[in-house]
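Asker: coordinates only, sequence not included:
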Ligand code: XMP
C-alpha cells in the first residue's frame, strides 16, 4: 500500500528482483472488498509524507491486520500500524533523523534479521520527523538507533513487523536481505521469473483476444517490439504490425526493423513508407512544438489508414509499462507545465473503437528487457538507446530539409560507431548527434569550407527524468570529431554538449 513515499516504487523493484510478484496500490484505493478479492499473501505499508497524529491522515483498513498474513510497515507505515494497533506516535520534537544511521540489535534474534548484525551494527537510511513513542501490545524491540529507539520492532506471533528505516533504498546496504527475510517468513517461493511471466502472459492474451485480430504500432523501440513478439507468440498471424516510417529514422533503422520482424520473426508487417507525407508537411516549420504536433497528428492518420487495411481488427496492442500504470499518490496536486508535447497514440483506441492489449502493463523497464531476452530478441536490440517518436526532426533544430537529415544520419552513425568501438555504448543512457542550424567557416586542405556545425550529446540517466552529460575522455572527443569531419560531407565543426538535465533537456527540441 502506497502512502505517497518518494521511494515506493523501489519497494516493488526490490521484491521483484527477489522473484516475488507484487503490486502497488494507493492507500485510498484499498478497501475491505479489494483486500478480500485480492487475497494478498503479505502486505507492505509504505512510507509517506503525512503525519499520523494529524487528523485525517491516511489509514489502511483495519482488515489488513485481520488477514492473518505477515505485514511490514515502513516509516509512515510503521507509525500508522502502531497507532492503529494500540501504540502511540509523537510528532517530531528534535528526534527527526534524515540520512544515514546505524542500528544495533536488541532483544531476541528473529528470522527477520537473519544475515543482519554479522559485523555488529547495520547501516540504514532514515527519513522521518515523527516517531513511535509507545509500542502496540504484542510488539518488542529488535533493533535501535540513536534517533529511533524503535528502529526495528516485531510482533512475532502475528508476524507483524514495523521499521522506522527504509530497507528498500540503496543506502541501506543490507536492505535486500531484510526484505528477503520478510518474504521468506511470508512463505513466498521466489519463483516469479520471466519464463513464468511469459507463459502466463501468453495464456492471458489468448484468453482476452480469442480468435479476433490485433494490430500493433511497431516503433522499433524495445517496448513495442517485446509486446509484438510476445503477442505473436500467443496468437500468431492474428497479429499485424504497422511500422510507420516517417523519414526521420536513423541510418539503416527501417531496414533493421523490417528485416527482423518480417524475415526473422515471420510477422505480418505493414511498412508504411510515408517519408514524403511527413517531410512535405514539415517544410518551412521551425517551431519545435509545431513540429511535434504535426508529426503526432500525421502519425495517427497514417496508422489509422494502414490499420484499416488489415480489416476487422478489434484490438490495439500497446507496450504500456508499469510506471505508466501506477496510480501514484500525490499530495501536491496541481497541473504540471508541458515542457514538450510527447508523441504517442493516446486517444487512438477510443477514436478507432478498439480495445487494448497491453501485455507489459505489470512490468518495469528492465523486466521488459529480461522478457525480451527470454523471447530471443538479440541483446544488441534490447540494449538500444531510447529514440524519440518524432525522431531526427527534434535533433535538427530549426527548419528540416532532406539534405540536413542526410548529413545528420551520417554523423550520428559515425558517432555511435565510435561509442561502440570504445565499448561505451552500454554505459550511456542515450547518445546522438544534433545538427545545428548554423554554418561556420573552416579550412580543409587548401580550401575554405562553409558548412554545418553539429553537437554530440551523450547522457547518463536512470529514467530520462534527470540526466548528466557523459564524461568522455579528450582523446575520444578529439578522435570522434576528426572522424565526423573527415567522413561526413557538410559538417566542418563538432561541439560536445555538456549540459545536464535540468536545466537542459536530453533532446535539443
Ligand atoms: P527530454 O528531451 O524531454 O527527453 O529530456 C527525455 C526522454 O524522452 C525522450 N523523448 C521522447 N520519447 N516521444 C518519445 O517517445 C517523444 O516525443 C519524446 N521526446 C523526448 C528522449 O529521447 C529522452 O529519452
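Answerer: Alright, I've got the coordinates. This structure is a prediction, so every number in the text was calculated from the model and none was measured.
Asker: report pLDDT for the residue of the stretch 151-300 of the chain found nearest the ligand.
Answerer: Closest contact between the stretch 151-300 of the chain and the ligand, by Cβ to the nearest ligand atom, is at residue 292 (6.2 Å). All C-beta spots, glycine's among them, are computed from the backbone N, C-alpha and C. On pLDDT, residue 292 comes in at 94.
Asker: any idea how far it is from residue 436?
Answerer: 19 Å (Cβ to Cβ, to the nearest Å).
Asker: cool, and residue 44?
Answerer: 50 Å.
Asker: compare the two (neighbour count), which wins?
Answerer: residue 44 (26 against 19; other Cβ atoms under 10 Å).
Asker: partner strands of the strand or helix carrying that one and their direction?
Answerer: Taking DSSP states H and E as the criterion, the element that holds residue 44 is strand 43-45. Counting by DSSP bridges, the strands paired with strand 43-45 are strand 71-74 (parallel).
Asker: and the strand it pairs with, average pLDDT?
Answerer: 98.
Asker: run the chain-centre distance for the helix or strand hosting the residue of the stretch 151-300 of the chain closest to the ligand.
Answerer: Residue 292 is located in helix 288-310, with elements delineated by DSSP H and E. Relative to its parent chain, helix 288-310 has a centroid offset of 25 Å by Cα atoms, centre = their mean, to the nearest Å.
Asker: mind listing what's buried in it?
Answerer: The neighbour-count check on helix 288-310 (16 or more other Cβ atoms under 10 Å) flags 288, 291-292, 294-296, 298-300, 302-303, 306-307, 310 as buried.
Asker: can you list contacts of that helix?
Answerer: The contact list for helix 288-310, computed with Cβ atoms under 8 Å, 6 or more residues apart in numbering, reads 213, 215, 217, 240, 242, 244, 246, 248, 270, 272, 274, 277-278, 281-282, 285, 313, 316, 340-345, 348, 351-352, 389-391, 393-394, 397, 400, 509.
Asker: just the buried residues out of those, in PyMOL syntax.
Answerer: The following PyMOL selection, which keeps only the buried ones among the contacts of helix 288-310, applies the criterion 16+ other Cβ under 10 Å:
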select buried, resi 213+215+217+240+242+244+246+248+270+272+274+277+278+281+282+285+313+316+343+345+348+352+389+390+391+393+394+397+400+509
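Asker: still on that earlier bit, show me which of the buried residues of helix 288-310 is closest to residue 408.
Answerer: Comparing the buried residues of helix 288-310 against residue 408 with Cβ to Cβ places residue 291 closest, at 14.3 Å.
Asker: can you tell if stretch 310-318 touches the ligand?
Answerer: No. Figure legend: stretch 310-318 not in contact with the ligand (Cβ under 6 Å from any ligand atom); closest approach 12.5 Å.
Asker: what's the mean pLDDT across that stretch?
Answerer: 91.
Asker: span of it from start to end?
Answerer: End-to-end distance for stretch 310-318, by Cα to Cα, to the nearest Å: 17 Å.
Asker: domains in the protein, by residue range?
Answerer: Domain ranges of the chain: 8-185, 194-382, 396-496, per automatic domain parsing.
Asker: just flag whichever of those has the lowest average confidence.
Answerer: Among these, domain 194-382 carries the lowest mean pLDDT (a mean of 89).
Asker: what is the end-to-end distance of it?
Answerer: Span of domain 194-382 from end to end, Cα to Cα: 15 Å.
Asker: wait, residue 97 touches residue 128, no?
Answerer: Yes. Counting by Cβ atoms under 8 Å, residue 97 touches residue 128, with 6.1 Å between them.
Asker: mutual contacts of these two, please.
Answerer: What both residue 97 and residue 128 touch, as defined by Cβ under 8 Å, 6+ apart, is the set residue 148.
Asker: in stretch 402-417, what's buried?
Answerer: Buried residues in stretch 402-417 (16+ other Cβ under 10 Å): 404, 405, 407, 408, 409, 410, 411, 412, 413, 414, 415, 416.
Asker: again, but for stretch 492-503
Answerer: 492, 493, 494, 496, 497, 499, 501.
Asker: out of these, flag the one nearest to the ligand.
Answerer: So of the buried residues of stretch 492-503, ranked by how close each gets to the ligand (Cβ to the nearest ligand atom), first place is residue 501, at 5.2 Å.
Asker: in helices, which of the buried residues of stretch 402-417 fall?
Answerer: Residues from these lying in helices, with DSSP state H as the criterion: 404, 405, 407, 408, 409, 410, 411, 412, 413, 414, 415, 416.
Asker: which non-adjacent residue is nearest residue 502?
Answerer: Among residues not flanking residue 502 along the chain, residue 466 sits closest, at 7.1 Å (Cβ to Cβ, 6 or more residues apart in numbering).
Asker: burial measure for the one you found, as a count.
Answerer: Close neighbours of residue 466, defined as other Cβ under 10 Å, add up to 13.
Asker: can you tell me which of the ones in helices among the buried residues of stretch 402-417 is nearest the ligand?
Answerer: residue 412 (13.1 Å).
Asker: helix/strand/coil for residue 132?
Answerer: At residue 132 the chain is in strand, as set by DSSP: H, G, I helix; E, B strand; the rest coil.
Asker: mind listing the strands for the stretch 201-350 of the chain?
Answerer: Taking DSSP state E, counting those that start in this stretch, the strands of the stretch 201-350 of the chain run over residues 213-217, 239-245, 269-273, 313-317.
Asker: so which of those strands is nearest residue 141?
Answerer: Evaluated with Cβ to Cβ, those place strand 313-317 nearest to residue 141, the distance being 52.0 Å.
Asker: partners of that closest one, with directions?
Answerer: Here strand 313-317 has these sheet partners by DSSP bridges: strand 213-217 (parallel), strand 355-357 (parallel).
Asker: could I get the full set of helices for the stretch 351-500 of the chain?
Answerer: For the stretch 351-500 of the chain, the helices defined by DSSP state H, counting those that start in this stretch cover 365-374, 379-382, 402-421, 474-487.
Asker: flag every buried residue along the first one.
Answerer: Applying a neighbour-count criterion of 16+ other Cβ under 10 Å, the buried positions in helix 365-374 are 365, 367, 368, 369, 370, 371, 372, 373, 374.
Asker: just send those residues back as CSV, with distance to the ligand too.
Answerer: Below are the buried residues of helix 365-374 laid out as CSV (distance: Cβ to the nearest ligand atom, whole Å):
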residue, distance to the ligand
365, 12
367, 19
368, 15
369, 15
370, 20
371, 20
372, 18
373, 21
374, 24
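Asker: what is the nearest of the residues you listed to residue 454?
Answerer: residue 365 (29.4 Å).
Asker: contact partners for the most centrally placed residue in the chain?
Answerer: For the chain, the residue nearest the mean C-alpha position is residue 365 (4.8 Å; Cα atoms, centre = their mean). Neighbouring residues of residue 365 by Cβ under 8 Å, 6+ apart: 222, 321, 323, 463.
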